[in-house]
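Student: here's a sequence, model it:
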Amino acid sequence: MTESGICMLSIVVPAYNEQESIRELYRRLTVVLTETGMRYEVIFVNDGSQDTTLQVLEELQRADSRLAVVNLSRNFGKEIALSAGLDMTSGDAVVVIDADLQDPPELIPLLLAEWRNGYDVVYARRTERSGETWLKKST
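Tutor: Below is the predicted model of the structure:
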């Protein structure tokens, strides 16, 4: 919480070859984040995508000053992309979300509610994993 009582929320989104989902993710994030009433920033980390992910992100960034784009020189993997995004945040709270829409942005208010209840770390866990093999589910 800032001195004025207004919270800043940072969203970090690592992205690798996500040209198909980025616009829809951005649209849904914008709706959800606007409804929170919080100031926010969205930090997309392009993890060396070989498709047009970077171009889509740059287009969105030109239209919305709340977006930042970190462009990694090659694919370093999700953990390094997350770390790069986290280094750029300025929020009182940070939400990490996948670019492929497997993590619904609409859950962000539920996570924020738990954060406001005093938890330092809040995470979501899938209750179903449809389409995944038994081996994948068990490991």
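Student: identify the residues contacting Glu106.
Tutor: Arg28, Val32 (CB atoms under 8 Å, 6 or more residues apart in numbering). The way it works is simple: take the backbone N, C-alpha and C, and place the C-beta from them, glycine included.
Student: how near is it to Ile80?
Tutor: 28 Å (CB to CB, to the nearest Å).
Student: same check on Glu59?
Tutor: 25 Å.
Student: I'd like the distance from the longest helix along the chain to the chain centre, please.
Tutor: For the chain, the helix with the greatest residue count under DSSP state H is helix 22-36. Centre-to-centre, helix 22-36 and its host chain are 10 Å apart (CA atoms, centre = their mean, to the nearest Å).
Student: stretch 111-126 too?
Tutor: With CA atoms, centre = their mean, you get 15 Å for stretch 111-126.
Student: could you give the mean pLDDT of it?
Tutor: Mean pLDDT, computed over stretch 111-126, is 88.
Student: and the helices in the protein?
Tutor: Going by DSSP H, the chain shows helices at 22-36, 53-63, 78-88, 108-116, 134-138.
Student: got the angle for the first one vs helix 108-116?
Tutor: So the one you mean is helix 22-36. 50 degrees (axes from the mean of the first three to the mean of the last three CA atoms, to 10 degrees).
Student: one more: the second one?
Tutor: Note on geometry: by the same axes, to 10 degrees, helix 53-63 and helix 108-116 are set 70 degrees apart in direction.
Student: do the same with the third one
Tutor: Note on geometry: by the same axes, to 10 degrees, helix 78-88 and helix 108-116 are set 60 degrees apart in direction.
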